[in-house]
Structures are given as C-alpha cells and as structure tokens.
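Colleague: How does the following fold in three dimensions:
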Amino acid sequence: MIRLILLLSPVFVTFFWTIALLGNNKKENTPRIFLSRFMILPLVCYITQFLYFAPLHQIYPYFDFAYQYAGSLILPVYYIYFRLLTVDEKFSLRLHARYLAIPAFLATIYCIGAILTPRNEFLTWLFDEHAFPESPYIRFLSVMRMILRIQFLLLVIITFAGNQILLHKYGERAEQFYSDSKDGKYNNSRMLNYSVIIICGASFVAVAIGRRLLMSKDTIIYAVWSISTVMMYIIGYMGYKQKAINPTFDLRNIHDELNQSGGTLNGAQKELLNKVLTRFDDEKIYLNSQLNIMDIVQAVGTNRTYISSIINQQYKQNFCSFVNGYRVEELKNKIIENQDYTNETLAECCGFGSVISLRRAVSSKTGMSLNEWKKHILLSE
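Modeller: Sure thing, here's the model as predicted:
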C-alpha cells in the first residue's frame with residue numbers, strides 16, 4: 001500500500017498544479033500559465049512510471065512513446081520557462097523551437113524504431129532489456145535508449161547552467177514575479193532551478209540502477225518518489241506565488257531611456273521618486289516588516305519594474321537594500337536613544353522581520369557585526 005501511494009503521489013501533485021496554476025489569470029503566455037503546461041510533461045512521466053512499477057504491464061506499452069517525448073522535452077521546456085521569467089515576453093514556437101528540436105528528433109527516431117520492431121520482441125524488451133540480443137531491431141532500440149539517457153544527463157547540466165546564467169544576468173526581472181521585498185537575493189528563482197535539478201538527480205540514480213533491479217528495491221523507490229513529490233510540489237507552489245507584471249514596461253527599455261538621458265531622471269521620474277521618498281521620510285512605511293514593493297506600487301500608482309529601475313539608477317541598489325538603508329538608520333537612532341533595548345525589540349520597532357534579518361542588514365550595510373556596530377555607534381556618540 002505504501003509503495004502504491006508513493007508511486008501515485010507525484011501523479012496527483014503534478015495533476016493538481018497543472019490545474020491550479022491556470023487559475024483565473026486572464027493574461028496569456030505568462031510564466032505561470034506556461035508552468036501549468038510544463039506540468040503536463042512530468043505528469044506523463046509519472047503516470048508511465050506508475051504503470052511500470054505498479055505493475056500494469058499490459059497498459060504500459062501504450063504510454064511508452066509519450067514517455068520518451070515527455071522525458072526528452074521536460075528539461076528544454078523548463079529552460080524556456082526560465083527564459084519567460086527573464087528575457088522573453090511570451091512563448092513562441094518560432095523563437096523557442098531550437099531548444100526542442102534535437103530532443104524531439106531523438107525521441108522520434110526511437111519511436112520509429114519501436115514501430116518497426118516486431119511487436120512481440122518490443123513488448124518483451126520493454127520489461128527485459130536482455131531479451132532478443134541478436135535482433136537488429138532490439139540492438140537499435142538499446143542504442144537509442146542509451147543515447148536518450150546520455151542526452152538526459154547532458155540536458156541536466158546544460159539546463160542548470162543556462163538557468164544560472166539567466167538568473168545572473170536578469171535575476172532582477174525574474175524576481176519581480178514575486179511580491180516580497182527581497183528582490184535582490186533571487187531566492188525564489190534559484191529555488192526553482194535547484195528543485196528541478198534535485199528531481200533530475202534522483203531520477204538519474206533510478207535510471208542508473210535500472211528499472212528491472214529497481215522493481216524489487218522498495219527503499220530506493222520510497223526515496224526517489226518522495227523526493228520527486230516534494231520537489232514537484234515546491235516548483236508548483238513557487239509558480240503559484242508568481243504574480244503577473246505589467247508587460248508594457250520592459251526593464252531593458254527603461255534602462256536605455258535612463259542611459260540616453262545621461263543617467264539623470266527626467267521630470268516625471270523625479271516626481272515619481274519624490275512620491276516614494278515621501279512615503280519613506282514622512283510616513284516611515286519602512287517600519288512595516290511586511291512591506292513589499294507592491295505596496296509602493298499601489299501607493300504611488302505605477303509599475304514595479306519602473307520603481308525598481310529608478311531606485312537602481314538613482315541609488316545603485318535594489319529595492320530590498322533601499323528599504324534596509326532606512327531601517328538601519330532608524331536602528332542607529334534607537335540604539336542611541338534606548339541603549340537597554342534588546343535585539344528583539346530593536347528588530348520589531350525598526351521594521352525588521354526578525355533579529356536574523358536585522359543582523360544581515362547591518363552586516364550588508366556596515367561590514368560589521370551587530371555588536372561591533374553597536375559599540376562603534378556608542379563610542380562615536
């Protein structure tokens with residue numbers, strides 16, 4: 001029973017996110033919508049694996065072709081998802097076909113070979129790789145299966161590296177799909193990349209062991225399928241947290257606009273920045289530990305990309321660092337005025353969510369630990 005539940009758990013998780021990520025979002029071609037379509041590929045893979053290990057061998061052969069296509073395309077499609085988070089506005093077959101062509105071609109060659117193979121040989125070979133060793137059809141399929149496995153390993157490396165490069169160059173844009181204020185850390189986007197690599201690592205271990213040997217290894221099945229379920233849930237949840245950003249504002253275009261003006265703000269941009277500064281200087285909204293960039297967007301009536309770009313251009317820092325600058329200055333005043341305050345009290349009254357966040361901000365802004373900085377401030381006074 002436990003084995004059956006674990007085999008089905010990633011099926012249920014991927015099916016759930018395939019539906020849930022669609023939601024009622026009316027914006028077409030957003031990363032969130034694309035992620036819901038991506039979930040169809042692992043859903044096909046997990047259904048097929050369930051049929052193999054359940055075992056339901058009489059049904060499995062009908063899914064093998066779909067499994068080969070889904071397994072070959074899952075990583076290239078995930079890379080396209082990251083491109084939609086960073087540099088591409090929408091999915092286009094003309095634009096993205098180059099990432100899908102080779103995996104789709106190799107899967108097609110395998111399927112053609114399977115169709116040409118005598119049916120009894122093919123059905124036997126699916127569950128026993130050592131069957132019919134003299135058959136030219138089976139030898140061809142064995143070579144193609146090995147090629148597909150090597151391709152999978154290469155795609156794991158290429159996809160992870162490609163996603164990391166995109167995050168390094170355009171991480172600010174990727175993180176704008178999340179409403180928290182920690183845009184500069186790119187934690188959400190990195191988690192998306194690490195999660196799929198963990199899944200692929202677990203899958204590769206299972207492939208290396210071989211399905212025939214894996215069939216009797218309950219412990220390994222429990223581990224691999226549990227990891228896959230948790231990681232797929234995380235990917236779906238991170239996608240569910242994403243919010244659409246205004247597509248009429250392109251960060252690169254805004255930077256071009258500012259660069260053409262010599263890096264100085266024009267009248268409209270200065271007016272917008274003044275509105276933001278008023279909220280911080282007069283209203284001290286940074287004291288709200290739950291403050292995020294969307295609160296500022298709604299307060300001044302503009303687009304988050306535009307605010308991020310102006311803050312970055314004017315102060316050479318991201319929104320999170322900008323907010324923490326105000327909080328650290330507030331912290332300095334509190335330390336001078338109330339030397340008996342505990343770190344917990346200081347964190348609460350200065351807008352930090354926790355003492356850990358307070359320590360991290362102080363270290364980032366001053367290069368000193370919190371205790372060192374306290375001593376420095378009091379000695380200066």
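Colleague: three-state assignment of the nearest residue to Ile138 once chain neighbours are set aside?
Modeller: Leaving aside its chain neighbours, Ile138 sits nearest to Phe132 (4.5 Å; criterion: CB to CB, 6 or more residues apart in numbering). The way it works is simple: take the backbone N, C-alpha and C, and place the C-beta from them, glycine included. Three-state call for Phe132 (DSSP: H, G, I helix; E, B strand; the rest coil): coil.
Colleague: I figured Phe132 was touching Leu123, is that so?
Modeller: No: counting by CB atoms under 8 Å, Phe132 sits too far from Leu123 to count as a contact (10.9 Å).
Colleague: so how far is stretch 112-130 from its chain's centroid?
Modeller: Centroid separation between stretch 112-130 and its chain, computed with CA atoms, centre = their mean, to the nearest Å, is 38 Å.
Colleague: and it, how far apart are its ends?
Modeller: One end of stretch 112-130 sits 21 Å from the other (CA to CA, to the nearest Å).
Colleague: same question, stretch 78-92
Modeller: 14 Å.
Colleague: Show me which positions of it end up buried.
Modeller: 78-86, 88, 91 (16 or more other CB atoms under 10 Å).
Colleague: rewinding a little: contacting residues for the residue nearest to Ile138?
Modeller: 121, 124-125, 138 (CB atoms under 8 Å, 6 or more residues apart in numbering).
Colleague: if we go to 10 Å?
Modeller: 117-118, 120-122, 124-125, 138-139, 141-142 (CB atoms under 10 Å, 6 or more residues apart in numbering).
Colleague: before we move on, the earlier item: overlap in contacts of Phe132 and Leu123?
Modeller: Thr117.
Colleague: Give the single residue among the contacts of Phe132 positioned nearest to Tyr237.
Modeller: The closest of the contacts of Phe132 to Tyr237 turns out to be Leu141 (CB to CB; 38.2 Å).
Colleague: Could you report the distance from the closest residue to Leu331 other than its chain neighbours to Ser380?
Modeller: Closest residue to Leu331 apart from its sequence neighbours, by CB to CB, 6+ apart: Cys350 at 4.6 Å. Using CB to CB, to the nearest Å, Cys350 is found at 19 Å from Ser380.
Colleague: again with Val13
Modeller: As defined by CB to CB, Val13 lies at a distance of 55 Å from Ser380.
Colleague: So for these two, which residue has more residues nearby?
Modeller: Using other CB atoms under 10 Å, the more surrounded residue of Val13 and Ser380 is Val13, with 24 against 8.
Colleague: pLDDT below threshold where in the stretch 1-150 of the chain?
Modeller: 23-29 (pLDDT under 70).
Colleague: remind me, longest helix of the protein?
Modeller: Ordering each helix of the chain by length in residues (DSSP state H) puts helix 136-175 first.
Colleague: buried sites along that one?
Modeller: When burial is assessed from 16+ other CB under 10 Å, helix 136-175 yields the following buried residues: 137-138, 140-142, 144-145, 148, 151-152, 155-156, 159-160, 162-164, 166-167, 170-175.
Colleague: Quick one: mean pLDDT for the helix or strand following it?
Modeller: Counting by DSSP states H and E, the next helix or strand C-terminal to helix 136-175 is helix 187-209. Helix 187-209 shows a mean pLDDT of 80.
Colleague: Does anything pack onto helix 187-209? Which helices or strands?
Modeller: helix 31-38, helix 40-53, helix 64-86, helix 136-175, helix 211-214, helix 218-241 (3 or more CB pairs under 10 Å, 6 or more residues apart in numbering; DSSP states H and E).
Colleague: swap the cut-off to 6 Å and go again
Modeller: Under the contact definition 3 or more CB pairs under 6 Å, 6 or more residues apart in numbering; DSSP states H and E, helix 187-209 sits against helix 136-175, helix 218-241.
Colleague: tally of neighbours for Val328?
Modeller: So Val328, with other CB under 10 Å, has 19 neighbours.
Colleague: ok, it - contacts?
Modeller: Going by CB atoms under 6 Å, 6 or more residues apart in numbering, Val328 touches 361, 365.
Colleague: and it, which of the three is it?
Modeller: Applying three-state DSSP: Val328 is helix.
Colleague: Next one: it relative to Asn163, how far apart?
Modeller: 33 Å.
Colleague: And for Leu35?
Modeller: 14 Å.
Colleague: now swap in Ala54 and tell me
Modeller: Ala54 is 33 Å from Asn163, by CB to CB.
Colleague: now do Phe82
Modeller: Using CB to CB, we find Phe82 at a distance of 5 Å from Asn163.
Colleague: Domain ranges for the chain, per the record?
Modeller: Domain ranges of the chain: 2-241, 251-380, per automatic domain parsing.
Colleague: Return the most buried member of the ones you listed.
Modeller: Of the domains of the chain, the one with the most neighbours on average (mean count of other CB atoms under 10 Å) is domain 2-241, at a mean of 17.
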